[in-house]
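Visitor: Could you look at this predicted model? Sequence included:
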Amino acid sequence: MRERGYVNPILNDITYFFQILITCLAFVFNVILIVIVRKSTNKGIGKYRNLITYFALSDIYYNSVHFIVYPIPENYGNAFFMRCHGIYTEFIGGAFYAGAYAHTFPILIFHFLYRLLSIKYPHYLKRFSYYLLALVAVTLTCNLLFFSTFYWLFRPEPEIIVCLTPIFNGSIPLPIVHTMDTTKNHQIAFYWTRGTFEGPRWRNLLGTGIICSTMFLAYAIILCCCFLINKYLKGATKSTQSIRLQKQLFRSLIYQVGDSEIQFDIRISVPDFRRLLRIIVTQLKSFVPLFTAYYPAGSALLLPVIGVTFTPISIFVPPVCVTHSLVDPLLLILTISEYRKSFFSLICLYKFARSANVPMVSRRISFQPAAQAAATEIVVDL
């Protein structure tokens with residue numbers, strides 16, 4: 001049973017029910033995704049299935065850690081503080097959660113790098129085992145980095161507790177239940193001792209700098225990969241219509257789409273352009289986890305640096321963070337046609353599974369290394 005976290009008992013019950021529901025669904029859908037991926041006979045996906053499986057396993061681990069510790073971040077004035085309110089409430093639980101939280105950044109980077117290497121330098125992927133080993137090593141490094149930051153640099157030091165006593169003894173009303181007995185279980189970052197930008201506490205500023213720079217570096221690498229891939233695609237195709245279409249679809253590549261040889265298999269019922277628009281909009285939803293799970297949690301750390309208090313963070317960040325491990329598998333299952341058909345068949349919705357097999361024109365655009373010519377073919381599926 002989760003420890004009572006919120007002062008409002010109704011809010012406490014609602015968030016607890018939501019946590020149980022989403023945690024169970026996330027576990028089920030990630031397992032389903034793994035089963036579908038491992039049983040897939042599509043040779044086009046190839047070794048890319050290993051990256052998808054790794055992502056799903058990482059989500060299961062994150063989902064489990066979040067359920068066990070259920071951290072709730074807060075900020076007030078120049079202070080960030082977080083405590084575990086789940087089954088395990090000790091100080092080290094928050095550090096373990098921070099380590100699990102860090103997994104997604106290297107995984108996303110390696111997905112984009114894989115996409116770039118596949119279309120531009122495919123010979124580098126002949127030894128895929130080394131690529132996968134590098135992914136595991138970088139993931140463990142990020143885990144250790146975030147764990148160490150929250151364990152060593154965000155410790156509840158006595159002088160900090162003295163400064164924040166009005167919060168912990170309940171003198172300052174906040175949505176979360178606080179007592180002086182639980183102060184030792186908080187991760188605390190108190191950035192300025194004499195007001196905003198006055199009396200810096202370098203230990204806490206360093207910790208926040210490490211976390212935020214890691215996040216920004218990850219997104220910078222992703223953007224760089226996007227630029228290089230887009231630049232290559234511009235030079236690899238001669239059709240203006242193809243260029244425009246590939247730009248639209250490329251923007252949706254946040255997790256993974258399609259196969260290891262970068263063949264975008266786009267099925268368009270002629271002249272049903274609205275269906276194409278729905279495909280693009282659906283895949284663009286891949287950006288949702290980045291803007292819902294990571295930026296809000298990062299804002300909990302950054303807002304106190306400039307002295308901004310936003311108490312609702314403690315209410316909406318925990319449910320959002322537990323949701324993204326459910327969104328990940330759903331995006332893959334519902335946007336990749338083969339996985340979608342397998343899922344519908346798995347849950348006995350054969351009508352929906354068969355509906356994806358109606359005759360339509362298939363426009364397959366293959367992008368190969370620069371030394372080879374880009375090929376475009378029209379295939380009629382019967």
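Guide: Looks like it came in fine.

Visitor: Tell me where this structure is predicted with low confidence.
Guide: Low-confidence segments of the chain (pLDDT under 70): 1-2, 42-45, 233-293, 349-382.

Visitor: check contacts around Val177.
Guide: Residues near Val177 by C-beta atoms under 8 Å, 6 or more residues apart in numbering: Arg4, Gly5, Tyr6, Val7. Using the backbone N, CA and C atoms, a C-beta is placed for each residue, glycine as well.

Visitor: Put together JSON lines for the residues you listed, with neighbour count and distance to Thr179 on each row.
Guide: Shown next, in JSON lines, are the contacts of Val177 (neighbours: other C-beta atoms under 10 Å; distance: C-beta to C-beta, whole Å):
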{"residue": "Arg4", "neighbour count": "13", "distance to Thr179": "11"}
{"residue": "Gly5", "neighbour count": "23", "distance to Thr179": "12"}
{"residue": "Tyr6", "neighbour count": "21", "distance to Thr179": "14"}
{"residue": "Val7", "neighbour count": "14", "distance to Thr179": "12"}
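
Visitor: which one of those residues is nearest Thr141?
Guide: Set against Thr141, the nearest of the contacts of Val177 by C-beta to C-beta is Gly5 (31.5 Å).

Visitor: Without its sequence neighbours, what residue ends up closest to the closest one?
Guide: His85 (3.9 Å; C-beta to C-beta, 6 or more residues apart in numbering).

Visitor: number of nearby residues for the one you found?
Guide: 25 (other C-beta atoms under 10 Å).

Visitor: Same check on the one 10 residues further on?
Guide: Other residues near Ala95 come to 21 when the count uses other C-beta under 10 Å.

Visitor: and if you look at Ala98?
Guide: Using other C-beta under 10 Å: Ala98 sits among 24 other residues.

Visitor: wait, is it part of a helix?
Guide: Yes: counting by DSSP: H, G, I helix; E, B strand; the rest coil, Ala98 is part of a helix.

Visitor: ok, now how distant is Leu140 from Pro106?
Guide: 9 Å (C-beta to C-beta, to the nearest Å).

Visitor: who's more crowded, the two?
Guide: The residue with more neighbours, out of Leu140 and Pro106, is Pro106; 23 against 14, by other C-beta under 10 Å.

Visitor: element containing the more buried one?
Guide: Here Pro106, judged by DSSP states H and E, is contained in helix 104-120.

Visitor: Tell me which other helices or strands that helix touches.
Guide: Packed against helix 104-120 by the contact rule (3 or more C-beta pairs under 8 Å, 6 or more residues apart in numbering; DSSP states H and E) you find helix 48-69, helix 128-148, helix 202-236.

Visitor: From the chain's centroid, how far away is the last one?
Guide: What it means is helix 202-236. Its chain's C-alpha centre lies 14 Å from the corresponding centre of helix 202-236 when counted by C-alpha atoms, centre = their mean, to the nearest Å.

Visitor: Show me which residues of that helix are buried.
Guide: 203-204, 207-208, 211, 214-215, 218, 221-222, 225-226, 229, 232-233, 236 (16 or more other C-beta atoms under 10 Å).

Visitor: Asn75 should be in a strand, yeah?
Guide: Yes: counting by three-state DSSP, Asn75 is found in a strand.

Visitor: For it, which residues are in contact?
Guide: By C-beta under 8 Å, 6+ apart, the neighbours of Asn75 are Phe81, Ala300, Leu303, Pro304, Val308, Thr309, Phe310, Thr311, Ile313.

Visitor: And the residues you listed, which two are furthest apart?
Guide: Pairwise over the contacts of Asn75, using C-beta to C-beta, the maximum falls at Phe81 and Val308, 15.0 Å.

Visitor: which one of these two has more residues nearby?
Guide: Neighbours per residue, other C-beta under 10 Å: of Phe81 and Val308, the larger number sits with Phe81, 27 against 13.

Visitor: Could you check which helix or strand contains the more buried one?
Guide: Judged by DSSP H and E, Phe81 forms part of strand 79-84.

Visitor: Direction included, what does that strand pair against?
Guide: strand 71-76 (antiparallel), strand 187-190 (antiparallel) (DSSP bridges).

Visitor: Next, format those as CSV and append distance to Ile20.
Guide: Output for the strands paired with strand 79-84, formatted as CSV (distance: least, C-beta to C-beta, whole Å):
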stretch, distance to Ile20
strand 71-76, 16
strand 187-190, 24
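
Visitor: State the distance from Ile347 to Ile34.
Guide: 16 Å.

Visitor: typed the wrong thing, it's Cys24
Guide: 16 Å.

Visitor: Settle it for me: which of the two has more neighbours?
Guide: Remark: of Cys24 and Ile34, Ile34 carries more neighbours, 19 against 13, as counted by other C-beta under 10 Å.

Visitor: For Ser325, see how far away the closest residue to the more buried one other than its chain neighbours is.
Guide: Spatial nearest neighbour of Ile34, chain neighbours left out: Ala56 (5.0 Å); criterion: C-beta to C-beta, 6+ apart. Ala56 sits at a distance of 9 Å from Ser325 (criterion: C-beta to C-beta).

Visitor: Are there residues contacting both of those two? Which ones?
Guide: Joint contacts of Ala56 and Ser325 (C-beta under 8 Å, 6+ apart) are Asn30.

Visitor: All good on my end, thank you.
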